[in-house]
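In: Build the 3D model from these lines:
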Amino acid sequence: MSDRVIINADLKFVQGVIKAGGEDLKKCYQCSTCTVVCPLTPEGAPFPRKEMINAQWGIKDKLIKSMDPWLCFHCNDCSEQCPRGAKPGDVMAAIRNMVIANVAVPSFLGKATQSIGGSLALLLVPIILIAAVIFGINGGDFGFLNNPEIDFHANMISQLTIEILFIPAFFFGVITGILGILKLLKGLKEDYPPTEKGEALIPAIIGTVKDVLSHSKFRECGVNQNRNVAHMLLFYAFIGLLITTAGVTTIYYINFLNIKFGSGVALVTATPLPFFHPIKLIGNISALAAAIGIVMIAWRRLVSDNIGKSVAFDWIFILNILLIVTTGILAQVTRVAGSQIAYLIYYCHLVLVFFLFAYMPHSKFGHMFYRATALVYARYSGREKSVGMTFLEGKQQELPEETKAVA
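Out: This next block holds a predicted model:
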């Protein structure tokens, strides 16, 4: 009697992959062209062919515990060469979305951010919360709108109040992100135990950081290699904006605590900072870089067939970043121009930033954390140098006598 294996088929997971962008999955007939043309896959257990098999059969556990979807950078070389138009690149992207939905903590947030309706429901939280706080601290009215001098923090909502709202939201995102990463790592360790080929943890982290900072993996792609520019602009813009936020906050509290030189002169310039202040320049340059980067990404997704299918999960993140940058720039411009609409724009900016912070590991932004984790573990486990895992390779356990398909 021939050897057989139990397959726990999760048909809902298959439907989820299809809905998340892998709608051409069923066209795949396992010719393995995708594994041959992929410039990123290691030898021994190449992708994405085995992921296409697992996705077709609904072998959810294998996909959730696999690091290979995260080693794929959606080059779409495989989709370009697929003779059946199965678009393996899109399927790998859909699998990543499904992994986020399944490892997210709490799980309902991971599922909510996958759809427009769910994201709009989550957006109501900061819309109502921030409006209620502004209304409450201003005594139930918006008399500050009549003040000719436009000052967001002095008239509308103080820096301290913003931090009381945003710091918990930020740490909620960080903590839930760490819990999701731990769930991902648990699965990776089961399917990819460390081998003698692996690097020590610190060198693995350093090597991954170098790859991320240089975006070297993007440059190995063929069809979508020029995505490198847009992604680098956005990546370094985030770093610049983080520096700006930290700088402005530090300056605010130095002034708030009235810290001065021995001569009694103020230690730093008071906020809001003048246009040509170094921190302000870093912020404005970073905002411009983010705007250019996200517009380039959005434009390519709209006009290029090679970029792959974009779903709601992608567009929600793109729109969120685009609106954050736009409202940030407009709030500054309208404040300087003395227009009262600056307050409304700033309120929208706060809502959008809160949404990004609180739900960052559950949104497309979560790719940054999960992919980085997988890249580090690939080096640590030796997967980057190819671990000979195959479709039916398990943990040296005896195969069963009969096959069962569980829907």
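In: what's the neighbour count on residue 118?
Out: Applying other C-beta atoms under 10 Å, we find 18 residues neighbouring residue 118. Heads up, the C-betas are built off the backbone N, CA and C, glycines and all.
In: Report the secondary structure state of it.
Out: Three-state assignment for residue 118 (DSSP: H, G, I helix; E, B strand; the rest coil): helix.
In: now the nearest residue to it once chain neighbours are set aside: how far from residue 23?
Out: Closest residue in space to residue 118, ignoring its immediate chain neighbours: residue 112 at 3.3 Å, by C-beta to C-beta, 6 or more residues apart in numbering. Here residue 112 is placed at a distance of 22 Å from residue 23 (C-beta to C-beta, to the nearest Å).
In: Those two: which is more packed in?
Out: Neighbour count, other C-beta under 10 Å: between residue 112 and residue 23, residue 112 has more, with 20 against 16.
In: Next up, phi/psi of the residue nearest to residue 118, please.
Out: For residue 112, the backbone dihedrals are phi -60, psi -40 (criterion: degrees, to the nearest 10).
In: per-residue pLDDT, it?
Out: The model reports residue 112 with a pLDDT of 93.
In: contacting residues around it?
Out: Residues in contact with residue 112, defined by C-beta atoms under 8 Å, 6 or more residues apart in numbering, are 118, 119, 121, 122, 362.
In: Distance check, the second one against residue 326.
Out: Which is residue 119. 18 Å.
In: More neighbours: which of these two?
Out: residue 119 (22 against 17).
In: Look up how far residue 309 lies from that one.
Out: Distance, residue 119 to residue 309, by C-beta to C-beta: 18 Å.
In: Please apply the same query to residue 16.
Out: Distance of residue 16 to residue 309, given as C-beta to C-beta: 15 Å.
In: Which residue ranges make up the domains of this structure?
Out: 11-105, 108-381 (automatic domain parsing).
In: Distance from the chain centre to the strand or helix carrying residue 172, please.
Out: Residue 172 is part of helix 159-191 when elements are defined by DSSP states H and E. Relative to its parent chain, helix 159-191 has a centroid offset of 13 Å by C-alpha atoms, centre = their mean, to the nearest Å.
In: now swap in stretch 21-31 and tell me
Out: The answer for stretch 21-31 is 25 Å, by C-alpha atoms, centre = their mean.
In: Okay, now that stretch: how far is its last residue from its first?
Out: 21 Å (C-alpha to C-alpha, to the nearest Å).
In: what residues are up against residue 137?
Out: The contact partners of residue 137, taken as C-beta under 8 Å, 6+ apart, are 157, 158, 161.
In: Which of those residues scores worst on pLDDT?
Out: Lowest pLDDT among those: residue 158, 89.
In: What is the burial count for it?
Out: Neighbours around residue 158, by other C-beta under 10 Å: 15.
In: Could I get the contacting residues of it?
Out: Going by C-beta under 8 Å, 6+ apart, the list of residues near residue 158 reads residue 137.
In: can you map out the helices along the stretch 201-350 of the chain?
Out: 201-214, 216-219, 227-256, 278-303, 312-337, 341-358 (DSSP state H, counting those that start in this stretch).
In: so of those helices, which one's packed in deepest?
Out: helix 341-358 (a mean of 21; mean count of other C-beta atoms under 10 Å).
In: Can you name the element that comes right after it?
Out: Note on helix 341-358: by DSSP H and E, the next helix or strand toward the C-terminus is helix 367-381.
In: mean confidence for that following helix?
Out: According to the model, helix 367-381 has a mean pLDDT of 92.
In: got it, and stretch 93-107?
Out: pLDDT averaged over stretch 93-107 gives 92.
In: Can you lay out the contacts of residue 137 as JSON lines showing distance to residue 298?
Out: Below are those laid out as JSON lines (distance: C-beta to C-beta, whole Å):
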{"residue": "157", "distance to residue 298": "30"}
{"residue": "158", "distance to residue 298": "35"}
{"residue": "161", "distance to residue 298": "33"}
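In: and of those, the nearest to residue 295?
Out: residue 157 (29.4 Å; C-beta to C-beta).
In: what sits against residue 148?
Out: residue 338.
In: any idea how far it is from residue 175?
Out: 43 Å.
In: got it, and residue 311?
Out: Residue 311 is 27 Å from residue 175, by C-beta to C-beta.
In: Out of the contacts of residue 112, which is nearest to residue 354?
Out: Once C-beta to C-beta is applied, the member of the contacts of residue 112 that ends up nearest residue 354 is residue 122, at 10.3 Å.
In: show me the contacts for that closest one.
Out: 109, 112, 113, 355, 358, 359.
In: do that again at 10 Å, thanks
Out: 108, 109, 112, 113, 316, 355, 358, 359, 362, 363 (C-beta atoms under 10 Å, 6 or more residues apart in numbering).
In: pLDDT below threshold where in the stretch 201-350 of the chain?
Out: Low-confidence regions of the stretch 201-350 of the chain, defined by pLDDT under 70, span residues 259-267.
In: picking that back up, show me what the helix holding residue 172 packs onto, helices and strands only.
Out: helix 60-64, helix 68-71, helix 88-103, helix 107-112, helix 116-137, helix 227-256, helix 341-358, helix 367-381 (3 or more C-beta pairs under 10 Å, 6 or more residues apart in numbering; DSSP states H and E).
In: want to throw the ones you listed into a markdown table with distance to residue 295?
Out: Shown next, in a markdown table, are these (distance: least, C-beta to C-beta, whole Å):
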| stretch | distance to residue 295 |
| --- | --- |
| helix 60-64 | 33 |
| helix 68-71 | 26 |
| helix 88-103 | 21 |
| helix 107-112 | 27 |
| helix 116-137 | 21 |
| helix 227-256 | 8 |
| helix 341-358 | 17 |
| helix 367-381 | 19 |
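In: which one of those helices lies closest to residue 281?
Out: For the helices and strands packed on helix 159-191, distance to residue 281 was read as C-beta to C-beta. The smallest value, 9.2 Å, belongs to helix 227-256.
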